[in-house]
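Participant: could you look at this predicted model? Sequence included:
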Amino acid sequence: MSLISLPQLVNFKTSHHDSEQRLILTGISWAEYEQFLESLGDSPTYRTIYLEGVLEIMSPSRRHEVSTENIGRLLEVYLEAAEIDFWGLGSTTLRVEEGQTGKEPDKCYCLRTDKEFPDLAIEVIVISGNIKILEVYRRLGTREVWLWQNDKLNIYCLENEQYSLQEKSQLLPNLDLNLLCKFINHSNPRLAMKEFRQLIINN
């Protein structure tokens with residue numbers, strides 16, 4: 001791809017150590033976007049988000065990835081305890097050419113039945129990007145988006161083609177989000193999962 005090469009991306013990541021970095025390219029056609037995704041292959045090093053000709057490439061930081069994994073593990077503990085079937089799609093690339101949009105979520109899940117697109121997407125925001133995440137997910141038709149930022153979890157539910165901020169999840173109305181948040185930054189992930197599970201079962 002002429003706009004940016006993989007060696008340039010390697011330099012982009014390694015030159016900034018563990019800090020979260022973002023590269024924004026404009027005037028990118030859909031064909032160029034798909035070509036770039038193909039060149040990345042299954043590499044977990046970068047996450048991309050595309051909306052109407054703007055391509056943003058992120059190199060996640062350690063802090064970003066630790067929070068992402070912690071949230072995912074705790075959510076899966078709850079889903080197992082609540083006996084809710086789920087399919088974790090990780091950071092699968094979701095894209096819709098008609099909507100001129102695409103993204104790799106930090107975490108995403110199909111709930112109760114397997115589907116082409118996930119019901120729930122989770123995003124950890126350390127540094128805000130230029131592309132509106134919720135607009136991307138709206139075009140993808142994602143029913144619910146959780147944004148973890150500044151140690152706070154915001155729940156956005158899709159209603160009438162627009163997202164609204166909610167106090168609790170519509171997909172998982174019995175999940176105690178305040179309890180979940182208490183364990184996200186726990187210093188020991190294994191103990192966090194154990195203690196969270198015990199509290200869920202006891203309640």
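Facilitator: In hand now; what should we look at? Numbers count the residues shown, from 1 in each chain.
Participant: tally up the residues packed near Lys168, please.
Facilitator: Residues contacting Lys168 under the criterion other CB atoms under 10 Å number 14. Bear in mind the C-beta positions are built from the backbone N, C-alpha and C, glycine included.
Participant: so it sits against Leu180, correct?
Facilitator: No: with contact defined as CB atoms under 8 Å, Lys168 does not count as touching Leu180 (10.9 Å).
Participant: the helices in the protein, which residues?
Facilitator: Here the chain has its helices, by DSSP state H, at 6-14, 30-40, 62-81, 133-140, 177-184, 189-202.
Participant: among the ones you listed, which comes closest to Asn160?
Facilitator: helix 133-140 (10.9 Å; CB to CB).
Participant: going by neighbour count, list what's buried in that closest one.
Facilitator: By neighbour count on 16 or more other CB atoms under 10 Å, the buried set for helix 133-140 is 133, 136-140.
Participant: how close does Trp87 get to Lys115?
Facilitator: From Trp87 across to Lys115, the span is 8 Å (CB to CB, to the nearest Å).
Participant: can you dump the C-alpha coordinates of stretch 23-43 into PDB?
Facilitator: Provided in PDB are the C-alpha atoms of stretch 23-43 (Å, rounded to 0.1, in the frame of the first residue of the first chain):
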ATOM      1  CA  LEU A  23      -1.900   7.500  13.400                       C
ATOM      2  CA  ILE A  24      -4.600   9.200  11.300                       C
ATOM      3  CA  LEU A  25      -4.800   9.000   7.500                       C
ATOM      4  CA  THR A  26      -7.400  10.800   5.400                       C
ATOM      5  CA  GLY A  27      -8.700  10.300   1.900                       C
ATOM      6  CA  ILE A  28      -8.500   6.600   2.200                       C
ATOM      7  CA  SER A  29     -10.900   4.700  -0.200                       C
ATOM      8  CA  TRP A  30     -12.700   1.600   0.800                       C
ATOM      9  CA  ALA A  31     -10.500  -0.500  -1.500                       C
ATOM     10  CA  GLU A  32      -7.400   1.000   0.100                       C
ATOM     11  CA  TYR A  33      -8.800   0.300   3.600                       C
ATOM     12  CA  GLU A  34      -9.500  -3.400   2.700                       C
ATOM     13  CA  GLN A  35      -6.000  -3.700   1.100                       C
ATOM     14  CA  PHE A  36      -4.500  -2.400   4.300                       C
ATOM     15  CA  LEU A  37      -6.400  -4.800   6.400                       C
ATOM     16  CA  GLU A  38      -5.200  -7.600   4.200                       C
ATOM     17  CA  SER A  39      -1.600  -6.500   4.600                       C
ATOM     18  CA  LEU A  40      -2.000  -6.600   8.400                       C
ATOM     19  CA  GLY A  41      -3.400 -10.100   8.300                       C
ATOM     20  CA  ASP A  42      -4.100 -11.500  11.800                       C
ATOM     21  CA  SER A  43      -1.500  -9.300  13.600                       C
END
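Participant: run the chain-centre distance for that stretch.
Facilitator: From the chain centre to the centre of stretch 23-43 is a distance of 18 Å (CA atoms, centre = their mean, to the nearest Å).
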